[in-house]
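Asks: Prediction below, plus the sequence it came from.
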Amino acid sequence: MRRVFLTLFFAQLVFAVLLVGGNVFALDTDNSRGEKFSQRVGDRRENRQEKREDIKERVATKQAQLRREHIQRLKEVFDKILARYLTAIERLDKIVGKLERRIEKLNARGVDTSAATAHLAACRAKKAAAVEAIGNARAQLGAIDPESSTVKETVKVATDAMQQAKRAIHDYHKCLGEVTRGLKGKGLKEGTESAQ
């Protein structure tokens, strides 16, 4: 029984090997497997290259969009700063009006205010310079183009113009302070002298 069983087992094994094994042990003479493999590798390389190019393109467009948004925010901030500068000029103009009224009152009392009047005229020239600097800064801000290749340089020029406008406003304010200090106490001194 053992012999019969072993014989049948080996017969089935040989039959299975002949059926299936013909393709397994056959030599690949036309090299189709190698060609298929190299074809798949080439396709994968092309796909990876296309994906890289697509990613580079998306990154470049995203960077350009972010640059435009950043420049737009920068312009908005600069516009707000310029609006504050103009508001400061208006406040300083109110101070000029008060100083003019004070000079008129002192002139009515007979106090010599010629130096203060001359200094106030110099302050008006500084106001004109400040307004011109603000206009220049606004023009430089308008010249910023987010699509340009020289964005950094134009932003730098606009920033410098903003700083010049700030300095001009500071000079105008300082000049008005000097006029105010020059007028302080003049009415009191003259008033006490006339009382004696």
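Replies: Alright, I've got the coordinates.
Asks: Can you give me the neighbour number for Arg2?
Replies: Arg2 has 6 neighbouring residues, counting by other CB atoms under 10 Å. The C-beta positions use only the backbone N, C-alpha and C, and glycine is treated the same way.
Asks: try Ala130
Replies: By other CB under 10 Å, 25 other residues sit near Ala130.
Asks: Now do the SS call for Ser149.
Replies: coil (DSSP: H, G, I helix; E, B strand; the rest coil).
Asks: Tell me how far it lies from Ala64.
Replies: Separation of Ser149 from Ala64 (CB to CB, to the nearest Å) stands at 12 Å.
Asks: And whichever strand or helix holds His70, what does it pack against?
Replies: Taking DSSP states H and E as the criterion, His70 maps to helix 32-109. Under the contact criterion of 3 or more CB pairs under 8 Å, 6 or more residues apart in numbering; DSSP states H and E, helix 32-109 touches helix 114-142, helix 151-183, helix 186-195.
Asks: and the angle for the longest one with helix 32-109?
Replies: Read that as helix 151-183. 20 degrees (axes from the mean of the first three to the mean of the last three CA atoms, to 10 degrees).
Asks: Compute the distance from the centre of helix 151-183 to the centre of its chain.
Replies: 22 Å (CA atoms, centre = their mean, to the nearest Å).
Asks: cool, the first one as well?
Replies: The gap between where helix 114-142 is centred and where its chain is centred comes out at 29 Å by CA atoms, centre = their mean.
Asks: the inter-axis angle of it versus helix 32-109?
Replies: Put simply, helix 114-142 runs at 160 degrees to helix 32-109, going by the same axes, to 10 degrees.
Asks: Which positions within helix 114-142 qualify as buried?
Replies: With burial defined by 16 or more other CB atoms under 10 Å, the residues of helix 114-142 counted as buried are 116, 119-120, 123, 126-127, 129-131, 133-134, 136-138, 140-141.
Asks: go on, the second one?
Replies: Of all the residues in helix 151-183, those buried under the rule 16+ other CB under 10 Å are 151, 154-155, 157-158, 161-162, 164-166, 168-169, 171-173, 175-176, 179, 183.
Asks: pull the helix or strand with minimum mean pLDDT from this structure.
Replies: helix 186-195 (a mean of 53; mean pLDDT, DSSP states H and E).
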